[in-house]
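*Asks:* Just to be clear, the model below is a prediction. Sequence and coordinates:
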Amino acid sequence: MSTGTATRGSRPRGSARERLLEAASELFYRHGIRAVGIDTVIERAGVAKMSLYNHFSSKDELVAAYLERREQRWSAFFDSELRRIGGTSADRVLAAFDILACWLERESPRGCAFANAEAELADPTHPAQTVIEADKARLREWLTELVAASGSADPELVAEQLFLLWEGVLVTSGTGRVRDPVAAAKQAAARLLG
C-alpha cells in the first residue's frame, strides 16, 4: 500500500500542504513526534521552509493536522467496514474488533497513533489534545449507542468496559507484550455482551 510519500531522489507529488502532511504522518508515526524536527519534515516533503509556515503556524499545528488526517482515514475505513456487517448490535461490537485488527496490521504496526501522541504530549493545552479527545469521544459514543441498542440494562457501564478493552488493544498492540491482544479483548467483550 502506497503512502504517497516520496522517497529520496524522487519528486514528491501533490500540493505542498499534502506533501507536508504525508511526510509528517510517516515520520511522526514511525519515529515519534518529539524525535522529528520541522527541518526533517520539510526535507522529506520536498518543500521550502516557508511552505510549512504558509500552511501551519507551528509544529504543534502540524501535529494536530497529522492526527486529524489520521482520524479521518481511520473513521472512513471503520465506517466503511462496519456498514458491511449485519447482525445484532452485539455482533457488530465484536466485529469491530476484527476491523480494528485489520487496521492495526495494515496501518498501525507501532500501536495507536493517538495513544503514542498522548504519551509524548504532556501539555493538556497542546492543539493535538483536542483531536485525541474527539477520537476517543467518538468511540465511546458509538459503543454506548450499540450497547444500548442491544438492550443492556446499563449501556454506559458496559460501553465503558468495552472502551477499556479497546484502549488496551491499542496500547498493547505495538508492544508485542500480549500475543494477540485483539483476540483476547474480543473474547472478553463477548463475555461482557453475553
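*Replies:* Right, received. Where do you want to start?

*Asks:* how does the chain divide into domains?
*Replies:* Per the record, the chain has its domains at 13-56, 63-193, by the TED database.

*Asks:* okay, those in a markdown table with mean neighbour count and mean pLDDT next?
*Replies:* Using the backbone N, CA and C atoms, a C-beta is placed for each residue, glycine as well. Output for the domains of the chain, formatted as a markdown table (neighbours: other C-beta atoms under 10 Å; pLDDT from 0 to 100):
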| stretch | mean neighbour count | mean pLDDT |
| --- | --- | --- |
| domain 13-56 | 18 | 95 |
| domain 63-193 | 17 | 92 |
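
*Asks:* does the residue lying farthest from the centre of the chain sit in a helix, a strand or a coil?
*Replies:* Distance to the chain centre peaks in the chain at Ala153, reaching 30.4 Å (criterion: C-alpha atoms, centre = their mean). Using DSSP: H, G, I helix; E, B strand; the rest coil, the structure places Ala153 in coil.

*Asks:* And Ala134, how far from Pro127?
*Replies:* Relative to Pro127, Ala134 is positioned 12 Å away (C-beta to C-beta, to the nearest Å).

*Asks:* just Leu20 next, same as before
*Replies:* Distance from Leu20 to Pro127, by C-beta to C-beta: 16 Å.

*Asks:* ok, now Ala45?
*Replies:* 20 Å.

*Asks:* same check, this time on Ser152
*Replies:* Counting by C-beta to C-beta, the gap from Ser152 to Pro127 is 36 Å.

*Asks:* and if you look at Leu52?
*Replies:* According to C-beta to C-beta, Leu52 stands 16 Å off from Pro127.

*Asks:* One more: Glu18?
*Replies:* For Glu18, the distance to Pro127 (C-beta to C-beta) stands at 20 Å.

*Asks:* mind listing the helices for the protein?
*Replies:* With DSSP state H as the criterion, the chain has helices at 16-31, 38-45, 49-55, 59-83, 89-107, 113-120, 127-149, 155-173, 181-193.

*Asks:* counting contacts, what elements does the first one pack onto?
*Replies:* Contact partners of helix 16-31 among helices and strands, from 3 or more C-beta pairs under 8 Å, 6 or more residues apart in numbering; DSSP states H and E: helix 38-45, helix 49-55, helix 59-83, helix 113-120.

*Asks:* cool, the fourth one as well?
*Replies:* The contact analysis (3+ C-beta pairs under 8 Å, 6+ apart) places helix 59-83 against helix 16-31, helix 38-45, helix 89-107, helix 113-120, helix 127-149.

*Asks:* ok, now with 6 Å
*Replies:* Judged by 3 or more C-beta pairs under 6 Å, 6 or more residues apart in numbering; DSSP states H and E, the packing partners of helix 59-83 are helix 16-31, helix 127-149.

*Asks:* That concludes my questions; thank you for your assistance.
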